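[1] Show me the folded form of this:
(chains A and B)
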Amino acid sequence: MSENVAVVGASMTQFGKREAWIRELLAEAGKACLDDTGVEPHDVEHLYVSNMASGEFEGMTGVPNALAHDLDCLPAYTQRVDQTSSSGGAGMYAAWQSVASGASEMTLLVGGEKMTHRSTGEATDVIASLTHPVEYKHGVTLPSFAGLTARRYLDRYDAPRESLGKVAVKNHKNGVDNPHAQFRKEVGLDTVLESPIVADPLRLYDFCPITDGSAALMFCPESVAREYTDEYALMSGVGGATDTHVVHERAEPTVMGGVVESGTEAYAMSGYGPEDVDVAELHDMFTILEFLQMEGLEFAEQGEAWKAIEEGTTERDGELPINTSGGLKSKGHPLGASGVAQGYEIYKQLLGEAGPRQVDADVGLACNVGGFGNCVITTIMEAGA
Amino acid sequence: MSHENVADAEPRMEAARYADGSITYPPHPLGSDGSEPVDVVDLSEHTATVVTWTTSTAPPPGVREPNHLAIVEFDVDGQPVRALGQLTTNEVEIGDDVAPVYTEELRDPDAGIREPASQDWDGYRFEPTD
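    Below you'll find the predicted structure:
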């Protein structure tokens, strides 16, 4: 393989309900990332856009071409990366490949989604359209998969319902210190446990919101990175995996095989193990997912991740801070942007630029989940020398 | 259409059996052993056990509200076969036995994002047998 792949710049827009449409959101993050790095637009050789459903949400297709023009990056090669909710992570994988292969010496990745103009039901249906026909016709949604899995988890591992609520409390608390987060407000456990039922036993505060937003990262070889900055991160490992399309066919509903496989790949490539990770961004679209990823990535034994939240291990001042950004839960979840925004948080933490949410970190991990574990990307980054 | 004709048209709840004995619902072009199906199993003739369930209070357009859903497990000649589908009620617990009950339209095909002609919309709900 060629030399190390570096991340030399990062940006993200304000997440939440935005007036801007997808093209404007992507351009906002892309422009900010160019400004952050000092890279001239014409020096971008590859431009990747992570986006799940701009056609379904907005009637806008061909967004990479539009963005390349809007950012003045012509004639960069462009490509849209759609891997549902893990489009952002898949974009990081694609950007890593483009630089590691030698095909590009400067690759800009921009992820984004525009969702809030749709009703909750419509947005939920766009996302549920990824399911198999035998699931879709029953009205299955991603939140209902979460309810099914959470009931199984609590029953099988004798975990208290409150432990799920504490994930929401923790991530909302972290989000207060993230100026880009959709919600910057602490919530109490009682508020979580008394909020309206969405997919029994899960309630409103067990779910992330519908969000507009965009994020961007700039990738190049380490030797090129040094021409721009002494402060950069390295992509140490990346892994991707796919699980069954039909969710009920998995051997054990509380095990996400895609998380296990992608994590194993990323650990092997990086040479790091779960014990080496100092900070992690996990895909907490639903509170139960934080537990499933902690177990799949070997941060906890199967069925025991709930004990970590009870013991404070995953708090910002704990042994393994998880979702210092506020996670999808508090920061928001613009589908194509989320994986890129996870990378943004890890990058900021590794460079010591996370402000009031800064933790002591040399190695960071991000896990981006598509569908209900249908496809997963795990990335590991470390501080550059 | 008369009631008799509806009954005549009632499809099977088809699962696929593969050469290695494994069974999947729905059928797939290739099984986990990489081979094409060798037989069809009608799950509607069997009962199942509730693995887990939920009640969704915020379903998409065209879906009943609330929507009770379950993952259930059939035992077909000693082979476990799982399915996911609507429940007729939320009066269930993990481990309860359920039977498939045919329904002509599980959701309004014209209300969701998927092209109505791209798939079938009838199927089986699960009803407790106790």
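[2] Spell out which residues of the stretch 101-250 of chain A are next to chain B.
    By the rule Cβ under 8 Å from any Cβ of the partner chain, the part of the stretch 101-250 of chain A lying against chain B is A:120-122, A:124-126, A:128-129, A:132-141, A:143-144, A:147-149, A:151-152, A:155, A:196-202, A:246-249. The way it works is simple: take the backbone N, C-alpha and C, and place the C-beta from them, glycine included.
[3] Keep only those of those residues that are in strands.
    Assigned to strands by DSSP state E, the following of these qualify: A:197, A:198, A:199, A:202.
[4] top of those by neighbour count?
    residue A:199 (29 neighbours; other Cβ atoms under 10 Å in any protein chain shown).
[5] quick one: low-confidence ranges for chain B?
    Residue ranges of chain B with pLDDT under 70: B:1-9.
[6] Would you mind naming what in it lies close to chain A?
    Going by Cβ under 8 Å from any Cβ, the residues of chain B near chain A are B:24-26, B:51-64, B:67, B:69-71, B:82-86, B:90, B:94, B:106-107, B:112-114, B:118-121, B:123.
[7] What is the burial count for whatever residue of the stretch 201-350 of chain A ends up closest to chain B?
    Closest to chain B within the stretch 201-350 of chain A is residue A:248: 4.2 Å, counting by Cβ to the nearest Cβ. Counted with other Cβ under 10 Å, the neighbours of residue A:248 add up to 24.
[8] Now do it, the pLDDT please.
    As predicted, residue A:248 sits at a pLDDT of 97.
[9] In contact with it, which residues?
    A:135, B:71, B:82, B:83, B:84 (Cβ atoms under 8 Å, 6 or more residues apart in numbering or on different chains).
[10] Same question for residue A:72.
    Neighbours of residue A:72 in contact, by Cβ under 8 Å, 6+ apart: A:41, A:42.
[11] Would you agree it falls within a helix?
    No - using DSSP: H, G, I helix; E, B strand; the rest coil, the assignment for residue A:72 is coil, not a helix.
[12] mind checking how far it is from residue A:66?
    12 Å (Cβ to Cβ, to the nearest Å).
[13] again, but for residue A:207
    31 Å.
[14] do residue A:164 as well
    40 Å.
[15] Please, where are all the strands along the chain?
    Here I'm looking at chain A. Going by DSSP E, chain A shows strands at A:5-12, A:46-50, A:77-81, A:107-113, A:197-199, A:202-203, A:213-221, A:233-242, A:279-281, A:363-370, A:375-383.
[16] I was thinking of chain B, sorry if that wasn't clear
    Using DSSP E, strands in chain B cover B:14-17, B:23-24, B:39-42, B:48-56, B:67-76, B:79-86, B:97-103, B:123-128.
[17] For those, give me CSV that also has mean neighbour count.
    Output for the strands of chain B, formatted as CSV (neighbours: other Cβ atoms under 10 Å in any protein chain shown):
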stretch, mean neighbour count
strand B:14-17, 20
strand B:23-24, 21
strand B:39-42, 14
strand B:48-56, 23
strand B:67-76, 22
strand B:79-86, 22
strand B:97-103, 18
strand B:123-128, 20
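[18] Just send those strands back as a markdown table, with distance to residue A:187 too.
    Output for these, formatted as a markdown table (distance: least, Cβ to Cβ, whole Å):
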| stretch | distance to residue A:187 |
| --- | --- |
| strand B:14-17 | 44 |
| strand B:23-24 | 42 |
| strand B:39-42 | 48 |
| strand B:48-56 | 22 |
| strand B:67-76 | 27 |
| strand B:79-86 | 31 |
| strand B:97-103 | 37 |
| strand B:123-128 | 35 |
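[19] Let me see the contact set for the nearest residue to residue B:30 once chain neighbours are set aside.
    The shortest distance from residue B:30 to any non-neighbouring residue, by Cβ to Cβ, 6 or more residues apart in numbering or on different chains, is to residue B:36 (6.4 Å). The neighbourhood of residue B:36, defined by Cβ under 8 Å, 6+ apart, consists of B:18, B:29, B:30.
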